[in-house]
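[1] Fold the following and give me the result.
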Amino acid sequence: MFESRMIRPTVSAVRRAVCAATVVVTCALAAASCRRGTPASAPSGPLPAGLTTRPATVAVAGHRRMPPNDAGPIPPLLSQTGTFDNLRALAPADSLLAYDVNVPFWSDGATKQRWVALPGGGGRPAKIRFAATGAWGFPVGTVFVKHFELPAGTGGPPHADRLGRGRRVETRLLVRDDAGGIYGASYRWRDDESDAGLVREGHVEALAEDGPDGRRQRPWYFPGPADCRVCHTAAAGYVLGINARQLNRDAPPPATVGGADRPTEHPFTENQLVAWDRLGLFEPRLPAAGLAGVPKLSPADDSAASLEARARSYLDANCAHCHRPGGSPGSFDARFEAPLAAQNLVGGPVMIDLGVDRARVIAPNDEWRSTLLTRLTTLEQPKMPPLGHEVLDARGAALVREWVRSLPGPAVLAPPTIDPPGGTFPGTVRVRLSHDDPAAVLRYTLDGSVPTASAAVYQEPIDVGRPTTVRAKAFKPGATRSVTAQQTFIVAD
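    Below you'll find the predicted structure:
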């Protein structure tokens, strides 16, 4: 059975009110047609996003169980929100329309399903303010639903593995409120997956899972009400991930209702933007030229896209909600729509140099001086993203690293290896320095200073008999010197 324990409190202040969904009304099949499985009369052709039959008209359905803002009463259970008609089967309500994205935000290895519900009146859904670039405008009352599952073997109930799916962990709802902003609600699934309870304060839990060496624990961050507004800001348009560059792709089939962050077979060939436009969801409509000129993010495994396009797409999906004009303090713009030369990424100055000489946001051909990459590959502060990031994205980091290495720049030496790693030792410890390049000259210090070209040259193991910080750099003519490697040794008397 799934096990968990709280291991630390949230880092953000929690607002008094908690988050949930509000009035949700959207385009869907007429209820009678859905229940009978009878297609409504309509022209032939590709099926629209997430629909098993083509409606002759856009029907409107909805439920009114949620307040228009976070001051109202919030249902404590997911089953009380009206999001799913059948919670056990995760069958979404008729008011929800499935969608998929080109490049998912990294969510600690979880797969995700996504839906959106639009408010409406008079039998018609409200309109989305469409834009080929930038954020879309969503009407008050729009609800976005995102469901998270961890891979099989993460301690879910027996029926999860039998059904060939992962363990349900969390379902999040984001609501466009009546003040023009947003509020969010996170529901944590019970161990037996019978329901999910409202998360009232953000926290990390240790979840039991099967590992190569038996049972182990992995952290998972459950966001609280205040956490939602850390990323979903006015500068980012409040809503993340639903825009032209992300939805410019084929529609998800009903079998996947929103799709997972892994390759999916799509029996439909209709583009999501085309489908939503034809269903009358956009105002203004798609331009007469259709998808021509509409940007599209490229997944990491898209062999037809350039390495630059794939890396910049990853940064757009994972960083641009904060790193943009008017966003969090920083010197670069991660938006894909900004030209590379204007992003201040490559060679861009940094606000926090992490103690690295000549640090840059991205240093061409120098992964060690590229602070963006450094912060992507650590779980310590200042990690990026700073919230809800408890498991490293090795695949995403490898993509960015490959791009950094491909950028034209001088040869750069890797930092030396110091062995053994620092720590506490009962007596004198023998320390060795090494480097992959036999022509590199290794220089070191024992007084905590940064090694320079005049520092001692390493020639034989160093015996450390008292608390000492060993710092070392690699030098070689014609190559950029390495960044500093260091280890601290605490030696008992």
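
[2] in the chain, what spans have low per-residue confidence?
    Applying pLDDT under 70 to the chain flags residues 1-64, 121-123, 153-164, 253-268.

[3] quick check: domain ranges of it?
    What automatic domain parsing lists as the domains of the chain is 4-283, 307-406, 417-491.

[4] Return the distance of the second one from the chain's centre.
    Put simply, domain 307-406 sits 14 Å off its chain's centre (CA atoms, centre = their mean, to the nearest Å).

[5] could I get the domains of the chain as a markdown table with mean neighbour count?
    The way it works is simple: take the backbone N, C-alpha and C, and place the C-beta from them, glycine included. Below are the domains of the chain laid out as a markdown table (neighbours: other CB atoms under 10 Å):
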| stretch | mean neighbour count |
| --- | --- |
| domain 4-283 | 18 |
| domain 307-406 | 18 |
| domain 417-491 | 16 |
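
[6] Of these, which is nearest S298?
    domain 307-406 (4.6 Å; CB to CB).

[7] now the end-to-end length of the closest one.
    9 Å (CA to CA, to the nearest Å).

[8] And stretch 168-183, by the same measure?
    23 Å.

[9] Distance from the chain centre to that stretch, please.
    With CA atoms, centre = their mean as the basis, stretch 168-183 stands 17 Å off its chain's centre.

[10] rewinding a little: how about the domains of the chain, which one is nearest G293?
    Using CB to CB, the nearest of these to G293 is domain 4-283, at 6.4 Å.

[11] just the helices in the stretch 351-493 of the chain please.
    Using DSSP state H, counting those that start in this stretch, the helices of the stretch 351-493 of the chain run over 371-376, 394-406.

[12] The ones you listed: which one's closest to L387?
    helix 371-376 (13.2 Å).

[13] What are the contacting residues of the closest one?
    The list of residues contacting helix 371-376 from outside it, by CB atoms under 8 Å, 6 or more residues apart in numbering, reads 315, 319, 332, 345, 350, 352-354, 356, 359-362, 367-368, 382-384, 393, 396-397, 400-401, 404.

[14] Also stretch 346-364?
    For stretch 346-364, using CB under 8 Å, 6+ apart, the contacting residues are 329-332, 340, 344-345, 366, 368-375, 382, 404, 407-409, 450, 483-484.

[15] what distance separates the start and the end of that stretch?
    7 Å.

[16] before we move on, what about stretch 426-437?
    33 Å.

[17] List the contacts of the residue nearest to A485 when sequence neighbours are not counted.
    Nearest non-adjacent residue to A485, counting by CB to CB, 6 or more residues apart in numbering: P415, 4.0 Å away. Neighbour list for P415: 368, 472-474, 482-485 [criterion: CB under 8 Å, 6+ apart].

[18] Could you tell me which of those residues belong to strands?
    472-474, 485 (DSSP state E).

[19] Output the residues you listed in CSV; the columns should cover distance to R190.
    Shown next, in CSV, are the ones in strands among the contacts of P415 (distance: CB to CB, whole Å):
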residue, distance to R190
A472, 52
K473, 53
A474, 53
A485, 47
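
[20] of those residues, closest to P151?
    Distances from P151 to these, taken by CB to CB, are shortest for A485, at 35.0 Å.

[21] Surely the closest one and K473 touch.
    Yes - between A485 and K473 there is a contact under CB atoms under 8 Å: 7.3 Å.

[22] which residues do these two both contact?
    Any residue near both A485 and K473 by CB under 8 Å, 6+ apart counts here, and that gives 415-416.

[23] Which helix or which strand is home to F144?
    Taking DSSP states H and E as the criterion, F144 maps to strand 143-150.

[24] how about that strand as CSV, C-alpha atoms only?
    Extracted C-alpha coordinates of strand 143-150, given in CSV (Å, rounded to 0.1, in the frame of the first residue of the first chain):
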residue,chain,number,x,y,z
VAL,A,143,-11.5,26.2,-15.2
PHE,A,144,-8.3,24.3,-16.0
VAL,A,145,-7.8,20.8,-14.7
LYS,A,146,-4.5,18.9,-14.6
HIS,A,147,-4.2,15.3,-13.3
PHE,A,148,-0.9,13.8,-12.2
GLU,A,149,0.1,10.2,-12.0
LEU,A,150,3.5,8.6,-11.0
